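Engineer: no sequence for this one, just the structure:
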Ligand code: HEM
Ligand SMILES: Nc1ncnc2c1ncn2[C@@H]1O[C@H](COP(=O)(O)OP(=O)(O)OP(=O)(O)O)[C@@H](O)[C@H]1O
Ligand SMILES: Nc1ncnc2c1ncn2[C@@H]1O[C@H](COP(=O)(O)OP(=O)(O)OP(=O)(O)O)[C@@H](O)[C@H]1O
Ligand SMILES: [Mg+2]
Ligand SMILES: [Mg+2]
């Protein structure tokens, strides 16, 4: 039973305050849904959680342990899906999956990875396209591929999903939420930012618009930080 | 009262048949909603309509006139929104808008364009970010910018929108559908591909999954074409 | 303001802001020249002797290298679709992009060339001819390169192709360009050379937009 | 198979499939050399004299130019985030990418160099030293360039910057590389030069991954 | 060091220091220039061109010293995250570049009479100083290359640290390789092999150059801090908060 906690987080992007005094908690098996207007800071928060951004203020805890203490451990335990699919036009879906699966789980040997990749391709409905260059994939097919990487990532305990449903059809969304339930059932955590309804049973919701009005004092803090740095 | 008609269209992508025998009709003030699974061919159809792809079979008519007869005229009368936002990271939102507005309407002089751009920026809620490089825009803000180009494009009679609602928040979707209604009230046409519900009052719906089963015989035709070409 | 001017302005802006291949080209031009003294050794005679050749060769490469991304960048982020979907024809697009490229790469190159000539201690007699020749020659180089760039935008392995397609066509410019400078250095009249360069430029201005437009149409499919 | 090998394999695959800057680099290398006879005029003495310098200068540039996109491509399509989010440290990422770059650019360059040397009718006595020096030198050039590339990822004028940052550090390699070849040409022992090059390589292998990792961390912010 | 962390305190101390520094610097310059031009003998080989030394040598020393300072600031920024380091590094780089440029120009001016050439490619000392100059330029360029100033400062800091490898090369190139350039005769470990009548003005000028460096460093740092405050306030306004 691990848990992931953020404490009075402040986020500056290019010296512009996005939110401040933000708290959240996710326990294993739990899910957190990030909502808010465009530009409210959902993606920024996800990047904070992933350790891709460093908070301008506040702390991030994993099992009462400061994340920044051991970033490598955190990297290993999380899977991050950004707005971009990071699909290389020249590689085939299978190559893409094999690479990412093995990259995430260095132990995995080539045969197992290939088997797992086929499984993932079938899940994503890309089996027929497995050998074509990703250049030819449709938007949704790319997104499916990007999701498959995470859905079949054995090592990741924390899933950070930035608008996972983008370009997905109803069918794919169904597959995704099944996968999410499965992951949570296994004690995994999910944090997802989305504008569409994504059914995450009994998920906590964090509305970032709430923090918009706190920006001004974040700005002051920003000024302070500026003063010091 | 102009109208836009497609007749038994066949689409091949890289020699792979996507759909065939597809018909559609849009009259001015009308709207057509493209639905279908990922990879069913919505984007391809939109590219056909835009003249960015050449149909492997069938014809496209505008006011009973073959599109291919006068492609320039068609280019002028349509505005196309793809999956990609075509936002240059280094330009500011204002520069982006001014460029596209003037590029689409060569008559427009700098001052008017600037005024119109400000209007568009306000509409898209990007006024505060107008002078920052687009690099800093959030996903939704980029999409809003891409939409603003079209929403304030005076010359376009036919709007071709590929998943316009991607990354948009509820508020932005509202703004968009208002704009769509306005455009149609002015006699404009709208063809939109989307997985999300997009409220287009009394819009015809074209489900591309229906054509999936016709693919096989299209494949034969594709083969034929292949032999010839 | 027509599409031509708009694209020109836009691309120039981008060239000034983006991690710009154009700027590399110039840096490359100057640095390449700085390198030769190191490599060749400082022997002034040798330097002087090879100066015109080094200048033109590096200038040619400096204009050619960044060309690969001339249309590719727009093709990748979807801007090319939109640019093509406008009343303005593709030919003006090609011309505009070539012009922008020349202004953001060719001109700085021209400005830098005297410095480079100095570093290679080229004889002062050659400067005039060098500038004139570059002024007439580089636009042709860019125009030819632009067509090649349009051709490779659709194709996969762009880079090499580009070089292979462009260079044979560009060689004449190089040869007459060097000829002009060396003629000046030995005190011969350079008029003839410059006339040829001018002729090449006119020819390119007529042919390349058409060819480029045709190539781009393919890239869009 | 560790992250290093995986990234290496992936990047090599991409290099072989994508419109590859690497291939341009080689084309560029050969072409650049082909141009000099045209430019310099075919006077054999001069060519022979400048061959080592031209070889090294063009080789340096050929490795340097494609480096701008070493991390940029992954940064733009979001892959860099994911690559960073893995047990494997950033240092191994830098090393792997540098290695892939060297294998896809440096090696072909090496293979091409005798041809180029021939074109510049370099004295046969220099071939051995040339190959040895390039073998020891080019990896260093790439490693240094990789750090510079990491530093400029996301910068406004990445291109020039890259050249500006990398070249000062790369100059020694150039100087000793040329030194080796010229020593060989006049029949002096080249051991000392090669030792220095080897030393530089070792130093680079130690320092650059650390520096590169530090630079990349910034790029992710 | 750490107790300077707060810019306010730094500013207080700096402002107190500045006037005295300025006075000392002016005095040093005055006396140094006097000795250099009127009260020191021409060289028995080089004649009056030796007087270039009083500019060249101090400038060269400062070029190296400024880079050392830059490296220290860089370390402070990256390792100890010292808040002021960013500002100081940004302030120091152009000054160092200036001194390096002076060393280069004065050097090649001096080279003409004494070596018969402005510049010798391949001379280790000359080359290494040119490289030093490139590092300064790179640092400045990188600092301003990003929309996010903090990012630029950090990137530049990494570069500055990498560039440290060049410093010993500059200093010892004359001993390691056979160069046109003469080896250290003044700043040599142990007894200095130069006539006091030349040493005095040289040291005076060196002191003056150092003082000038410190004064400008403080002034530029002060300006930078002010600029940051302004930008922060503008952002605050932009946020409408
Ligand atoms: C562009 C050409 C030159 C450059 C880049 C250059 C650079 C330098 C540098 C970096 C130093 C400081 C070395 C140290 O502190 O150990 C220095 C010192 C010195 N330079 Fe130059 N120099 C140049 C030309 C000359 C010339 C032409 C002369 C006179 C013939 C000269 C005479 C000296 C002397 C006497 C010192 C003091 C050495 C000592 O005692 O430390 N330099 N130069
Ligand atoms: N260049 C190509 N070569 C081969 N097949 C292609 C090419 N481009 C697209 N396809 C295939 O054509 C089909 C239709 O693609 P399209 O992008 O039109 O689908 P879509 O309906 O837009 O899907 P989505 O809902 O994911 O956007 C897909 O199966 C895709 O794999
Ligand atoms: N590098 C940057 N410099 C300055 N501002 C930035 C930067 N990156 C992001 N921002 C700003 O930070 C705010 C939050 O961006 P973020 O991407 O987190 O929003 P979001 O909630 O994900 O929006 P969306 O729903 O559109 O994805 C936006 O207003 C954006 O303009
Ligand atoms: Mg977002
Ligand atoms: Mg689509």
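Structural biologist: In hand now; what should we look at? All values derive from a computational prediction rather than experimental measurement. Ligands and ions are numbered 1, 2, ... in the order given.

Engineer: residues contacting residue E:222?
Structural biologist: E:11, E:14-15 (Cβ atoms under 8 Å, 6 or more residues apart in numbering or on different chains). Using the backbone N, CA and C atoms, a C-beta is placed for each residue, glycine as well.

Engineer: Looking at pLDDT only, which of the residues you listed scores worst?
Structural biologist: The member of the contacts of residue E:222 with the lowest pLDDT is residue E:11, at 84.

Engineer: So the strand or helix carrying it, near chain A or not?
Structural biologist: Using DSSP states H and E, residue E:11 sits within helix E:7-38. Yes - Helix E:7-38 comes into contact with chain A (Cβ under 8 Å from any Cβ of the partner chain), by way of E:7-8.

Engineer: Flag every buried residue along that helix.
Structural biologist: E:7, E:10-11, E:14, E:21-22, E:24-25, E:28-29, E:31-33, E:35-36 (16 or more other Cβ atoms under 10 Å in any protein chain shown).

Engineer: Skip ahead from it and say which helix or strand is next.
Structural biologist: helix E:53-78.

Engineer: which of the residues in that next one are buried?
Structural biologist: E:53-67, E:69-78.

Engineer: just stretch C:9-17 next, same as before
Structural biologist: C:9-15, C:17.

Engineer: Could you list which of those residues belong to helices?
Structural biologist: Within those, residues falling in helices by DSSP state H are C:9-15, C:17.

Engineer: where does chain E have low pLDDT?
Structural biologist: E:1-5, E:44-46, E:121-122, E:178-179, E:185-193, E:234-241 (pLDDT under 70).

Engineer: and if you look at chain C?
Structural biologist: C:1, C:17-24, C:38-44, C:87, C:154-161, C:221.

Engineer: where along it do the helices fall?
Structural biologist: C:3-17, C:21-40, C:44-64, C:69-76, C:79-84, C:90-101, C:107-119, C:127-154, C:158-185, C:191-220.

Engineer: can you give me how far the shortest one is from the chain middle?
Structural biologist: In other words, helix C:79-84. Mean-position distance between helix C:79-84 and its chain equals 24 Å (Cα atoms, centre = their mean, to the nearest Å).

Engineer: what residues does that helix touch?
Structural biologist: Looking at what lies outside helix C:79-84 - Cβ under 8 Å, 6+ apart - the contacts are B:50, B:52, B:75, B:80, B:82, B:86, B:88, B:100, B:103, C:7, C:71, C:73-74, C:90, C:93, C:153, C:216, C:219-220.

Engineer: Residue A:66 reaches residue A:60, doesn't it?
Structural biologist: Yes - the criterion here is Cβ atoms under 8 Å, and residue A:66 meets it with residue A:60 at 7.2 Å.

Engineer: which of those two has more neighbours?
Structural biologist: residue A:60 (20 against 10; other Cβ atoms under 10 Å in any protein chain shown).

Engineer: check contacts around that one.
Structural biologist: Here residue A:60 is in contact with A:4-7, A:9, A:48-49, A:51, A:66-68 (Cβ under 8 Å, 6+ apart).

Engineer: hmm, which two among the residues you listed are most spread apart?
Structural biologist: A:7 and A:51 (15.3 Å; Cβ to Cβ).

Engineer: Name the helix or strand for the spatially most central residue of chain A, please.
Structural biologist: With distances taken as Cα atoms, centre = their mean, residue A:160 lies nearest the centre of chain A, 1.9 Å away. Assigned by DSSP H and E, residue A:160 belongs to strand A:158-162.

Engineer: Show me the helices in chain A, by range?
Structural biologist: Going by DSSP H, chain A shows helices at A:42-50, A:71-77, A:93-104, A:110-124, A:139-151, A:170-185, A:209-212, A:215-228.

Engineer: In terms of secondary structure, what does the second one contact?
Structural biologist: When you say that, I think you mean helix A:71-77. strand A:57-62 (3 or more Cβ pairs under 8 Å, 6 or more residues apart in numbering or on different chains; DSSP states H and E).

Engineer: ok, the strand it packs on: who's next to it in the sheet?
Structural biologist: The pairing partners recorded for strand A:57-62 under DSSP bridges are strand A:3-13 (antiparallel), strand A:65-66 (antiparallel).

Engineer: Need those strands in a markdown table (columns: distance to residue E:229).
Structural biologist: Listed next are the strands paired with strand A:57-62 as a markdown table, based on distance: least, Cβ to Cβ, whole Å:
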| stretch | distance to residue E:229 |
| --- | --- |
| strand A:3-13 | 16 |
| strand A:65-66 | 31 |
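
Engineer: Apart from its chain neighbours, what residue comes closest to residue A:18?
Structural biologist: Nearest non-adjacent residue to residue A:18, counting by Cβ to Cβ, 6 or more residues apart in numbering or on different chains: residue A:41, 4.0 Å away.

Engineer: now residue A:101
Structural biologist: residue A:113 (5.0 Å).

Engineer: same check, this time on residue C:103
Structural biologist: Here the residue nearest residue C:103, using Cβ to Cβ, 6+ apart, is residue C:12, at 6.1 Å.

Engineer: what about residue A:104, how many neighbours?
Structural biologist: Counted with other Cβ under 10 Å, residue A:104 comes out at 25.

Engineer: any idea how far the closest residue to it other than its chain neighbours lies from residue A:24?
Structural biologist: Among residues not flanking residue A:104 along the chain, residue A:153 sits closest, at 5.2 Å (Cβ to Cβ, 6+ apart). Separation of residue A:153 from residue A:24 (Cβ to Cβ, to the nearest Å): 23 Å.
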